[in-house]
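Novice: next comes the sequence, and after it the predicted model I'd like to discuss.
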Amino acid sequence: MNKKFLVNSTLAGIMTFSLFTPTAFAHDMLDDVGIEKGAHEADLNEIPKIEGNKSLSNWKEVAATPLKEYDGVENNTADVYSHKGYAYLGTHTQNGGEGGVRIFDMKDPKNPEEIAKFADDIPGTWQEKVIVKSVNTPEFKGELAAVSVQQLNRNNPDSKGGFLLYDVSDPHNPEKLGFWEMDKRVPGTHELYLTVQNGKPFVLSANPYADYYTHGESKDFALVDVSDPKQPETIYEFDPRILPEVSDDFNGYHWDSPDGKTRPVFNHSAMSDTNGDKALLSFWDLGTIILDISDPYNVKYEGRTDYAPDVQGSAHSAALAKGGNVLIETREVYNPTKEGYEESYGYTRIFDIKDPANPKELSTFKTDLVDNVEDGITFANTVHDPKVHGNTLYLSHYAGGLIAADITDPANPVQTGQYQPEGAYFWGVDVDRNYILASDMGNGLKVLQKNNSK
């Protein structure tokens, strides 16, 4: 199968912070790009109507539920997260953002019911990422949600970036607890992760370009103690200058790498292992950085992935497999014909990180989309976010839909299915119990359920 996705080049230009041009393309051209792409309403109408396939191996689409409109405003989806029978959908930038997070009751996966909207109270922002965990500290007991907040335009005096903390113990009635606010010069928190380590909750916050815009006063990664959600406390920030290959004159964005190229460096995403002992920072062309956070007050750098001179970095997101010993690194490469690099859209790399100081590349996983370079610049063909469930890797792939791969042998991943409904544009994916959740930017929440007859 060799599908082409002729997507209008304006797909890339939907995020327009101040200093960013609205026709920009990707992260690695600062001041010519917004922090995320996706599509606004006009672009979604221009995505070709692909003859779809509504199955993913032996999984079948059982629901397609659009977001509710509020005051006549239609928002589009961003990432999706599942927790205790509820789906949490972040929202993107369509119609001015401010779509908040939507909660869906998944009691009947064939009929998801949107029951609440929250985290929409900061003007001029969008809420891409949400993570929910059970927390029990002296200051708070219940279900805690962390929500990323990003400014659409930093010149808006009413907007501010960072992350919100909410009590969602009663999903029908979320209650605001606190806000971790960033320097106004920084767009905000993009991707984040909420982890609980020995009963204590921490937020891992990726704040792209913080180092650049604050001239080093703030960093692109922060580890925040949220034991008291009303008073989040920053306890650590990562500075790339600690690495011997990054010189002291690093300006917070452009890195003169040892391979002779000037590469973009910023923290796009952050996540941790199950126990909250290890942090993975997706630091674009600096690779996936591995930190030991087992003692959050004494964080130690362990290692990072690297790239051949002809490979664009673009470390976008990460996932773990095999008990945390295998790293999945997705690379969002939007321009497959960038001078000096291989001709390819973004694909997935798989590493053995049992020795985090020396990550060993086991394999690369490429779909049939990544070599379709004749169409020019488009986000439709690059991989986006990864999730692992058992020995199956799930990848959101924008217009390519969802991809499933068997990683029983991480050195030999094998594609097992592709879910590509007509007109889809997938941002995120999550797996919970007996269903897969997917955020289709223009079409809302998609639900896939296992077909036990196969």
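Specialist: All right, it came through fine. Numbers count the residues shown, from 1 in each chain.
Novice: what lines up beside the one helix or strand L164 maps to in the sheet?
Specialist: Assigned by DSSP states H and E, L164 belongs to strand 162-167. Paired neighbours of strand 162-167 in the sheet (DSSP bridges): strand 141-151 (antiparallel), strand 175-181 (antiparallel).
Novice: which one of those is the most hemmed in?
Specialist: Each of these was given a mean neighbour count from mean count of other Cβ atoms under 10 Å, and the largest, a mean of 24, is that of strand 141-151. Every C-beta, even on glycine, is put in place using the N, C-alpha and C of the backbone.
Novice: so where's the stretch 51-200 of the chain uncertain?
Specialist: For the stretch 51-200 of the chain, the stretches with pLDDT under 70 are 51-55.
Novice: so where do the strands sit in it?
Specialist: Listed in chain order, the strands of the stretch 51-200 of the chain (DSSP state E, counting those that start in this stretch) span residues 55-56, 59-65, 77-83, 86-91, 101-105, 113-118, 125-126, 130-136, 141-151, 162-167, 175-181, 192-197, 200-206.
Novice: ok so, going back, next, format the strands paired with strand 162-167 as TSV and append distance to D371.
Specialist: Below are the strands paired with strand 162-167 laid out as TSV (distance: least, Cβ to Cβ, whole Å):
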stretch	distance to D371
strand 141-151	32
strand 175-181	42
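Novice: can you say which of these is nearest to R102?
Specialist: Smallest distance to R102 across those (Cβ to Cβ): 11.4 Å, for strand 141-151.
Novice: what angle do the closest one and strand 113-118 make?
Specialist: Orientation of strand 141-151 against strand 113-118 (axes from the mean of the first three to the mean of the last three Cα atoms, to 10 degrees) gives an angle of 70 degrees.
Novice: name the nearest residue to E98, sequence neighbours excluded.
Specialist: Excluding the flanking residues, the one nearest E98 by Cβ to Cβ, 6 or more residues apart in numbering is D120, at 5.4 Å.
Novice: and if you look at E302?
Specialist: Counting by Cβ to Cβ, 6+ apart, E302 lies nearest to P356, which is 3.9 Å off, once chain neighbours are set aside.
Novice: that neighbour - that's part of a strand, no?
Specialist: No - assessed with DSSP: H, G, I helix; E, B strand; the rest coil, P356 is coil; it does not lie in a strand.
Novice: what's the burial count for it?
Specialist: Neighbour count for P356, taken as other Cβ atoms under 10 Å: 20.
Novice: was I right to think it contacts K278?
Specialist: Yes - in this structure P356 lies within contact range of K278 using Cβ atoms under 8 Å: 7.4 Å.
Novice: which neighbours do these two share?
Specialist: I290, D292, E302 (Cβ atoms under 8 Å, 6 or more residues apart in numbering).
Novice: please report how far the residue nearest to P112 when sequence neighbours are not counted lies from E175.
Specialist: Nearest non-adjacent residue to P112, counting by Cβ to Cβ, 6+ apart: F104, 4.3 Å away. To E175, F104 is 19 Å away according to Cβ to Cβ, to the nearest Å.
Novice: E342 now?
Specialist: According to Cβ to Cβ, E342 and E175 sit 50 Å apart.
Novice: tell me which residues touch the residue nearest to E98, please.
Specialist: E98, G99, G100, V101, Q127 are the contacts of D120 under Cβ under 8 Å, 6+ apart.
Novice: and which of these is nearest S134?
Specialist: Among the contacts of D120, V101 lies closest to S134 (Cβ to Cβ), at 17.6 Å.
Novice: burial measure for D249, as a count.
Specialist: D249 has 7 neighbours, counted by other Cβ under 10 Å.
Novice: kindly report the same for the one 5 residues further on.
Specialist: When neighbours are defined as other Cβ under 10 Å, H254 has 15 of them.
Novice: repeat for E114
Specialist: Using other Cβ under 10 Å as the criterion, E114 is surrounded by 17 other residues.
Novice: hang on, it packs against P66?
Specialist: No - using Cβ under 8 Å, E114 is not in contact with P66; the gap is 9.1 Å.
Novice: got any ranges where the stretch 351-454 of the chain has weak pLDDT?
Specialist: Applying pLDDT under 70 to the stretch 351-454 of the chain flags residues 375-376, 452-454.
Novice: circling back to that earlier point, which ChimeraX command selects the buried ones in the shared contacts of P356 and K278?
Specialist: Buried residues within the shared contacts of P356 and K278, by 16 or more other Cβ atoms under 10 Å, are selected in ChimeraX with:
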select :290,302
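Novice: restricted to strands, list the shared contacts of P356 and K278.
Specialist: Among the shared contacts of P356 and K278, DSSP state E puts I290, D292, E302 in strands.
Novice: tell me which of those is nearest to I403?
Specialist: Of all those, I403 sits closest to I290, with 25.2 Å by Cβ to Cβ.
Novice: show the contacting residues for that closest one.
Specialist: Residues in contact with I290 (Cβ under 8 Å, 6+ apart) are K278, A279, L280, L281, Y301, E302, G303, R304, L327, I353, P356, P359.
Novice: ok, it to N298 distance?
Specialist: Distance from I290 to N298, by Cβ to Cβ: 16 Å.
Novice: and R185, by the same measure?
Specialist: According to Cβ to Cβ, R185 and N298 sit 29 Å apart.
Novice: give me the more crowded residue out of these two.
Specialist: A direct count of neighbours by other Cβ under 10 Å for R185 and N298 places R185 higher, at 16 against 9.
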